[in-house]
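Trainee: Would you be able to build a 3D model of this:
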Amino acid sequence: MAISKVLLFRSLVASALLLGFGAVAANAQQLDGPRGAPTTTEFPDSRVLPVPTPPFAGSIQPNLIDSRPAWPPTVAPPPGSPNVLLVLIDDAGFGSNSTFGGIVPTPNLDRLAQRGIRYTQMHNTALCSPTRAALLTGRNHHNVGYGMIAEGANGYPGYNSVTPPETAHVAATLRDNGYSTAWIGKNHNVPVWEATPAGPFRNWPTGQGYDYFYGFIGGDTSQWQPGNLFRNTTPIHPYNGKPGWNLVTAMADDTIDYISAQVSTNPKRPWFIHYAPGATHAPHHPTREWVDRIGAMKLFDDGWEKVRERIFENQKRLGVIPANAKLPAWPDFLPKWDSLSADQKKLYLRQIEVWAAYMAYSDHEIGRIVTMLEETGQFDNTLIVFVCGDNGMSAEGSMNGTPNEVAYFNGIALTVEQMLPLIPVWGTDLTYNHFAVPWAFAMDTPYRWTKQVASHLGGTRSGMVMTWPQRIADKGAIRNQFHHVVDIAPTILDALGIPQPTTVNGIAQRSYDGVSMTYTWDTRNAAAPSTRTTQYFEILGNRAIYHDGWMANTTPAAPPWDGVNARVPTDVLNGYTWELYNLEDDPTQTNDLAAKEPERLRMMQQLWLVEAARNQVLPLNNSQVPILTAERPGPATGRSQFVYTAPQTSTQFGVAPSILNRSYRITAEIEVPAGGASGMLVTQGGRFAGYGLYLKDGKPTFTINLLGLERVKWEGPAALAPGRHTIVFDWKMDAQGPAVGRGGTGTFSVDGRQVAQKALPKMLPFIWQWDETFDVGLDTGSPVDDRDYQVPFAFTGKLQKIAFDLGETSVSPASIKAMMELLQKKRD
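Mentor: Okay, the predicted model is just below:
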C-alpha cells in the first residue's frame with residue numbers, strides 16, 4: 001500500500017512538471033554549470049523572451065530528506081560578454097566638438113576616438129524624441145509612434161507617442177538575456193498624459209526594459225533646479241539646500257555609483273547603460289568654472305563666419321569629411337558678423353561661450369565615467385557607442401538668442417537691448433538660455449541647415465565614435481559608410497551574439513528597420529559599401545530620401561526659428577520644392593541637380609512615398625500650432641473640474657488642469673492657524689512662465705508670470721486672520737479675439753468679497769514652463785516670483801480643498817484651421 005502511494009505521488013509530480021514546463025523542453029539553451037546547481041547560468045539563445053521556466057531537474061519525494069533540489073538556472077549572457085555604454089548628446093551639430101573638427105575642446109571624446117573608430121556618416125531624425133525612439137528600439141521613428149516630440153503627439157499611429165509593445169526596446173532584450181539595464185539622463189519618450197508620479201508606468205523606462213532610471217522626463221530641464229527629475233518613478237529634488245548643485249555632475253556621479261554597485265554585487269553580470277545628458281540642449285547651464293575656462297580661450301571672437309571656416313579646415317585635416325567637400329555659402333538670410341553692433345557681438349559671444357562651456361563640461365563628466373571604467377579594469381571589455389547629437393544644432397533660440405526658451409514656444413522673440421542686462425547671469429539658474437541662430441549654422445559645419453530640418457544634412461548628420469578594445473582593433477580609424485541610429489540596436493545585439501527576438505512578453509515583434517554595423521569594425525571592410533542603401537527622413541513636413549549615394553529632399557518652406565509663427569503651405573505633400581544631390585560628388589548638398597535629372601528626382605520622390613506608407617509617416621503636418629493645441633488622452637482630458645484635498649507635487653502639464661485659452665475659476669478653502677500662515681496653495685510653472693496662488697506674509701496673492709517679461713499680481717489687502725477662509729481667482733476670457741493668447745479679466749475675491757480686479761490684453765497662447773510641474777501645497781523647482789518667496793514654500797496652514805472649474809476652450813479644430821489658413825495667406 002505504501003509503495004502504491006509513493007508510485008502515485010511520483011506520477012502526480014511528474015505529470016505536474018510536464019504540464020507546467022514540458023513545452024520548453026526543446027528550447028535552445030547554453031548552460032554554464034551542472035543542471036540544477038545554484039551557480040549554474042543559462043544563456044537563453046532564444047528569439048522568444050522571456051524564456052519559460054525550464055523543467056525541474058531534481059527529484060521530489062514525499063520527504064525533503066529523500067528529495068534532491070535543483071535550481072532553475074540564472075539567466076545570463078555568454079561568459080565574457082561586454083558591458084555596453086550608449087551615450088547620446090543632445091542638440092549637437094557635426095562640427096560642435098573637436099573630435100569632428102570643432103573648436104570646442106572635447107578631450108575625452110577625442111581619447112575614445114583614438115582608441116576606437118570615428119563614423120562620419122551617422123544620421124539621426126533631426127529631432128529629439130524621434131531620434132531617441134529610433135535609437136533605442138531599432139525601428140524608424142514613425143514606426144514607434146514618434147514622428148514628433150512627445151509634447152506634439154497627435155492621434156495617428158506614426159505620431160501618438162505610444163511605443164507599441166510590438167517594438168520593444170533593446171534594453172528589454174538585454175535584460176531578458178541577463179544584463180542589468182539602466183537609463184540615466186534625459187527621457188523624452190513618455191506620453192505627456194502619463195508623465196505623473198501616479199502613472200501608468202508602462203511607457204516609463206522601468207516599463208520598457210530598464211531596471212533603473214535616474215533622469216528627467218521631458219524635452220529639457222534646468223540643470224540647476226530640474227523640476228521634472230525622477231529616480232525610477234519617484235520625483236526627487238536633490239538640489240534643495242545645495243547651492244551649486246548641477247545635474248550634469250549628478251548624472252555622472254549616479255552612473256559611477258550604479259556601475260560600482262553592479263560590479264561589487266555581481267562582477268560576472270554585465271551592464272547596459274543608456275547615458276543621455278540634457279547637454280547641449282537649451283537651457284545651457286554649465287558651472288561658472290567652465291564658463292570662465294572657455295571664455296578665457298577666446299574661441300569665437302572672430303565671429304560665426306570665421307569660426308565656420310576654421311572648423312571646415314580642421315575637418316579636412318582630420319579626414320572626417322571627404323576631400324571633395326565644399327563649404328556652402330553663408331546663407332543670405334543670416335547677418336554677417338562684421339555688420340553687427342558692438343552690443344550684438346558682446347551678447348552673441350556670451351551666448352556661444354556659455355554653450356561651449358556646457359559642451360566641454362559634459363565631455364569632462366563623461367570622461368570621469370570612462371576613467372572609472374579604466375581604473376576598475378572594465379574599459380577593455382566595454383562597448384562604448386557615443387552618438388554626438390540626436391539632431392543638428394538647434395536654431396530655436398531666435399535670431400538674437402533668448403534668455404528664456406519658453407518664449408520661443410509661445411512665439412515671442414526678445415531684442416538685444418532687453419537681453420544685455422542679463423549677460424552677467426547668462427547660463428545661471430536665472431536664465432533658460434539659448435544662442436542666436438547663426439551659431440547653429442556654424443556648429444553644423446560643413447552641412448546646411450539645423451535641427452528640425454530633416455531635409456538637409458545639417459539637421460540629420462551626427463558624428464559617432466565606437467570603441468571596444470577587446471574587439472575593435474583598428475584604433476583611430478575612420479569609417480564613411482552611410483548609417484542611421486536605427487542601426488545601433490541591431491549592432492549591439494550582433495556584437496553580443498544575442499538574437500533579435502521575434503516575441504517579447506507574448507507579443508510578436510516587428511522586425512528591426514536597422515542593420516548591424518559590426519562589419520565596419522574589420523580593417524578589411526574599411527571601404528566596404530554600406531549595408532544601408534535606403535533611408536527616409538521626415539520632421540514637420542521637411543523630408544528627404546537617401547538611396548545608393550543620392551539624396552532627394554524638400555526645400556524648407558519656413559525656418560525653424562519662426563516656430564508657431566511659421567508661414568507654411570497647407571498642402572504639405574504637394575506644396576514643397578524638391579532638390580536632388582549626388583552625395584558622392586557633392587557631400588555637402590551645394591549643387592542641386594533636380595532640373596538636370598527630373599526622372600531620377602521623380603523616382604526618388606516615389607521611393608519616399610513608398611517608405612512613408614511603409615513607416616506610418618502620413619498624414620503630413622508642417623506646423624507647430626496644431627500639435628501644441630491638440631487634445632490628447634489622459635486623466636485631464638474632457639474634465640471641467642479638478643479637486644485636490646492634500647499636498648502633491650511633480651504632476652507635469654499634460655495631466656494638470658489646462659487654464660490657457662479659456663475662462664476658469666480657482667477656489668482655495670483653507671484654515672489659518674493662530675499666528676497666521678504663509679505658503680503656496682497651488683502653482684504650475686516657475687521662474688520662466690507660470691502662475692501661483694499663495695499667501696505671502698499671510699496676504700492672499702495670485703501671480704501670473706508672463707515669460708519673466710511681466711508678472712501680473714492680484715493681492716488681498718491684508719494678512720488673513722486665524723480661521724477658515726475661501727480665496728477665489730476668477731478669470732473671464734474675452735468673448736472675442738484670437739483662438740490662442742486671448743486676453744481677459746481676472747477677479748480676486750477673499751471670503752466672498754472682491755479685493756482686486758485686472759484686465760490683460762493678452763495671455764500666453766500655448767504653454768507654461770514645461771520642466772516645472774503642477775504642485776499643490778508647496779512649490780518645487782523655481783518660484784513664479786523670486787521677490788515673493790523661495791521654494792519649497794510649503795503652506796503652513798491647513799489645506800482643505802483646491803478646486804479648478806474650467807470653462808469652454810477657444811481652441812477647436814476649426815479655429816486652428818483658420819489660423820493655419822491665415823498664415824498661408826500671409827505667406828502667399
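
Trainee: Thought residue 797 was touching residue 673, still the case?
Mentor: Yes: proximity of residue 673 to residue 797 meets the contact threshold set by C-beta atoms under 8 Å, at 5.8 Å. From N, CA and C alone the C-beta is placed, and that goes for glycine too.

Trainee: out of these two, which sits in the more crowded spot?
Mentor: It is residue 797, of residue 673 and residue 797, that has more neighbours when counted by other C-beta atoms under 10 Å, with 22 against 11.

Trainee: Double-check that one against residue 679; I have them as touching.
Mentor: Yes: at 7.3 Å, residue 797 and residue 679 qualify as touching, with contact defined as C-beta under 8 Å.

Trainee: shared neighbours, the two?
Mentor: Taking C-beta atoms under 8 Å, 6 or more residues apart in numbering as the criterion, residue 797 and residue 679 both touch residue 695.

Trainee: how close does residue 351 get to residue 704?
Mentor: Going from residue 351 to residue 704 by C-beta to C-beta, to the nearest Å gives 28 Å.

Trainee: again but with residue 775, I slipped
Mentor: Note on residue 775: its distance to residue 704, by C-beta to C-beta, is 16 Å.

Trainee: go on, residue 198?
Mentor: Residue 198 is 27 Å from residue 704, by C-beta to C-beta.

Trainee: Neighbour count for those two, which is higher?
Mentor: residue 704 (25 against 12).

Trainee: How about the contacts made by the more buried one?
Mentor: 691, 711-712, 746, 760, 763.

Trainee: Just give me the closest of those to residue 555.
Mentor: Nearest to residue 555 among the contacts of residue 704, counting by C-beta to C-beta, is residue 763 at 35.4 Å.

Trainee: Next, count neighbours for residue 721.
Mentor: The burial count for residue 721: 10, using other C-beta under 10 Å.

Trainee: Do me a favour and get the backbone dihedrals for residue 714.
Mentor: Main-chain dihedrals, residue 714, degrees, to the nearest 10: phi -120, psi 120.

Trainee: The nearest residue to it once chain neighbours are set aside: neighbouring residues, count only.
Mentor: In space, not counting the residues next to it along the chain, residue 714 is nearest to residue 748; the distance is 3.7 Å by C-beta to C-beta, 6 or more residues apart in numbering. Residues lying near residue 748 (other C-beta under 10 Å) number 21.

Trainee: what does residue 236 give?
Mentor: Neighbours of residue 236 (other C-beta under 10 Å): 14.

Trainee: got it, and residue 421?
Mentor: Residue 421: 9 neighbours (other C-beta under 10 Å).

Trainee: about what we covered before: is it possible to get TSV of the contacts of residue 704 that adds secondary structure?
Mentor: Formatted as TSV, the contacts of residue 704 follow (DSSP: H, G, I helix; E, B strand; the rest coil):
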residue	secondary structure
691	strand
711	strand
712	strand
746	strand
760	strand
763	coil
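
Trainee: Whichever of these end up buried, select them in PyMOL.
Mentor: To isolate the buried members of the contacts of residue 704 in PyMOL, using 16 or more other C-beta atoms under 10 Å:
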select buried, resi 691+711+746+760+763
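
Trainee: closest to residue 68 among the contacts of residue 704?
Mentor: Among these, and counting by C-beta to C-beta, the member closest to residue 68 is residue 691, at 68.5 Å.

Trainee: Just checking the distance from stretch 757-773 to the centre of its chain.
Mentor: 24 Å (C-alpha atoms, centre = their mean, to the nearest Å).

Trainee: Could you list the alpha-carbon positions for that stretch in CSV?
Mentor: Coordinates of each C-alpha in stretch 757-773 appear next as CSV, following Å, rounded to 0.1, in the frame of the first residue of the first chain:
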residue,chain,number,x,y,z
GLN,A,757,-9.6,93.1,-10.5
LYS,A,758,-7.3,93.5,-13.5
ALA,A,759,-7.7,93.1,-17.2
LEU,A,760,-5.0,91.8,-19.5
PRO,A,761,-4.9,92.4,-23.3
LYS,A,762,-3.1,89.1,-24.0
MET,A,763,-2.3,85.8,-22.3
LEU,A,764,0.2,83.1,-23.0
PRO,A,765,-1.0,81.3,-26.1
PHE,A,766,0.5,77.8,-25.8
ILE,A,767,2.4,76.6,-22.8
TRP,A,768,3.8,77.4,-19.4
GLN,A,769,7.3,76.4,-18.4
TRP,A,770,7.3,72.7,-19.0
ASP,A,771,10.0,71.4,-16.7
GLU,A,772,8.2,72.9,-13.7
THR,A,773,5.3,70.9,-12.5
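
Trainee: So for that stretch, mean pLDDT?
Mentor: Taken as a whole, stretch 757-773 has a mean pLDDT of 96.

Trainee: contacts for stretch 601-619?
Mentor: Here stretch 601-619 has contacts from 140, 142-143, 147, 156-158, 513, 534, 536, 538, 543-545, 547, 550-552, 578, 580, 594, using C-beta under 8 Å, 6+ apart.

Trainee: for the one helix or strand residue 536 maps to, packing partners?
Mentor: Using DSSP states H and E, residue 536 maps to strand 534-539. When contacts are defined as 3 or more C-beta pairs under 8 Å, 6 or more residues apart in numbering; DSSP states H and E, strand 534-539 sits against strand 542-547, helix 598-614.

Trainee: and the residue nearest to the spatial centre of the chain, what is it in contact with?
Mentor: The centre of the chain sits closest to residue 188, judged by C-alpha atoms, centre = their mean, with a distance of 3.2 Å. Contacts for residue 188 (C-beta under 8 Å, 6+ apart) come out as 128-129, 132, 149-150, 218-219.

Trainee: cool, and residue 109?
Mentor: Per C-beta under 8 Å, 6+ apart, neighbours of residue 109: 97-99, 363, 366, 386, 388, 465.

Trainee: Apply 6 Å and report the result again.
Mentor: For residue 109, the contacting residues are 97, 99, 363, by C-beta atoms under 6 Å, 6 or more residues apart in numbering.

Trainee: Can you give the distance of stretch 737-744 from its chain's centre?
Mentor: 31 Å.

Trainee: do stretch 600-615 as well
Mentor: Distance of stretch 600-615 from the chain centroid (C-alpha atoms, centre = their mean) equals 29 Å.

Trainee: buried sites along that stretch?
Mentor: Buried residues in stretch 600-615, counted by 16+ other C-beta under 10 Å: 600-601, 604-605, 607-608, 611-612, 615.

Trainee: Also stretch 321-340?
Mentor: With burial defined by 16+ other C-beta under 10 Å, the residues of stretch 321-340 counted as buried are 321-322, 325, 327-328, 330, 334-335, 337, 340.

Trainee: And the contacts of it?
Mentor: By C-beta under 6 Å, 6+ apart, the list of residues contacting stretch 321-340 reads 303-305, 312, 315, 438, 446, 448, 587-588, 590.

Trainee: With stretch 342-361 instead?
Mentor: 104-105, 248, 279-280, 284, 286, 290-291, 294-295, 300, 401, 416, 419-420, 423, 426-427, 435-436, 439.

Trainee: how about the CA coordinates for that stretch, as CSV?
Mentor: Taking Å, rounded to 0.1, in the frame of the first residue of the first chain, the C-alpha atoms of stretch 342-361 are listed here in CSV:
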residue,chain,number,x,y,z
ALA,A,342,29.3,96.2,-30.5
ASP,A,343,26.4,95.3,-28.2
GLN,A,344,25.2,92.5,-30.6
LYS,A,345,28.7,91.0,-30.7
LYS,A,346,29.0,91.2,-26.9
LEU,A,347,25.7,89.4,-26.4
TYR,A,348,26.2,86.7,-29.0
LEU,A,349,29.8,85.9,-27.8
ARG,A,350,28.5,85.4,-24.3
GLN,A,351,25.8,83.1,-25.6
ILE,A,352,28.1,80.8,-27.5
GLU,A,353,30.8,80.8,-24.9
VAL,A,354,28.3,79.6,-22.3
TRP,A,355,27.1,76.9,-24.8
ALA,A,356,30.7,75.8,-25.5
ALA,A,357,31.3,75.6,-21.7
TYR,A,358,28.3,73.3,-21.5
MET,A,359,29.7,71.0,-24.1
ALA,A,360,33.2,71.0,-22.5
TYR,A,361,31.7,70.4,-19.1
